[in-house]
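Colleague: Predicted coordinates and the sequence they were generated for:
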Amino acid sequence: QLQLVESGGGLVQPGGSLRLSCVGSGFATWYYAIRWFRQAPGKEREGISCISGRGSYTNYADSVKGRFTTSRDNARNTVYLQMNSLKPEDTAVYYCAMTNNDCSDSVRYWGQGTQVTVSS
C-alpha cells in the first residue's frame, strides 16, 4: 500500500529552524519526484519545493528560496525539508506529495500533512 507520512512539525519561534521528514512506502521511492506544499488558514495550497527522484534537481518557490532546502535519502525512503530563518508567515500545514514522474508532472499521491507554527 502506497503511503507518505510527514513528521517534524511543531511550534518554533521566529528565526528558528525545523526539519520535516516525509517517509514513503509501497513504491519505488527513488524513481519519483517529491514536492512539498503548504496551506495556511484561508489561503490556497502553495507549492514550495520539489526534488527529483535521484536528488539531482531541486526547485523552490520565491517565498522560501534561500531559507528552505529539500534533500532525500533514498536508502531510507525519506525526503527532508530543512526550514531555516522561519517567519510567522511560514505558519501552515505542510504536505509532501509524490508526482507521477518528475517535478513537472502532476501529483499522484499526498501525505496527511504536518502543522508548522511560527510564533513568539
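Modeller: Thanks, I have it. Residues are numbered from 1 along each chain as shown.

Colleague: Please determine how far the residue lying closest to R35 once chain neighbours are set aside is located from V5.
Modeller: Leaving aside its sequence neighbours, R35 sits nearest to C50 (Cβ to Cβ, 6 or more residues apart in numbering; 4.5 Å). No exception for glycine: its C-beta is placed from N, CA and C like everyone else's. Separation of C50 from V5 (Cβ to Cβ, to the nearest Å): 19 Å.

Colleague: residues contacting the residue positioned nearest the centre of the chain?
Modeller: Against the mean C-alpha coordinate of the chain, by Cα atoms, centre = their mean, the closest residue is W36 at 3.1 Å. Contact analysis of W36 by Cβ atoms under 8 Å, 6 or more residues apart in numbering lists L20, C22, G47, I48, S49, C50, T70, L81, Y94, Y95, C96, A97.

Colleague: Phi and psi next, for Y80.
Modeller: The phi and psi values for Y80, taken as degrees, to the nearest 10, are phi -120, psi 150.

Colleague: What's opposite it in the beta bridge?
Modeller: S21, S71 (DSSP bridges).

Colleague: Just give me the neighbour total for it.
Modeller: Burial measure for Y80: 20 neighbouring residues, criterion other Cβ atoms under 10 Å.

Colleague: Now do G47: how many residues are near it, please.
Modeller: As a burial measure, G47 scores 16 neighbours (other Cβ under 10 Å).

Colleague: which element is it on?
Modeller: Per DSSP states H and E: G47 is located in strand 46-51.

Colleague: Would you indicate which residues of that strand are buried?
Modeller: The neighbour-count check on strand 46-51 (16 or more other Cβ atoms under 10 Å) flags G47, I48, S49, C50, I51 as buried.

Colleague: Redo these as TSV? Include pLDDT.
Modeller: What follows is these, written out as TSV (pLDDT from 0 to 100):
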residue	pLDDT
G47	97
I48	98
S49	98
C50	98
I51	97
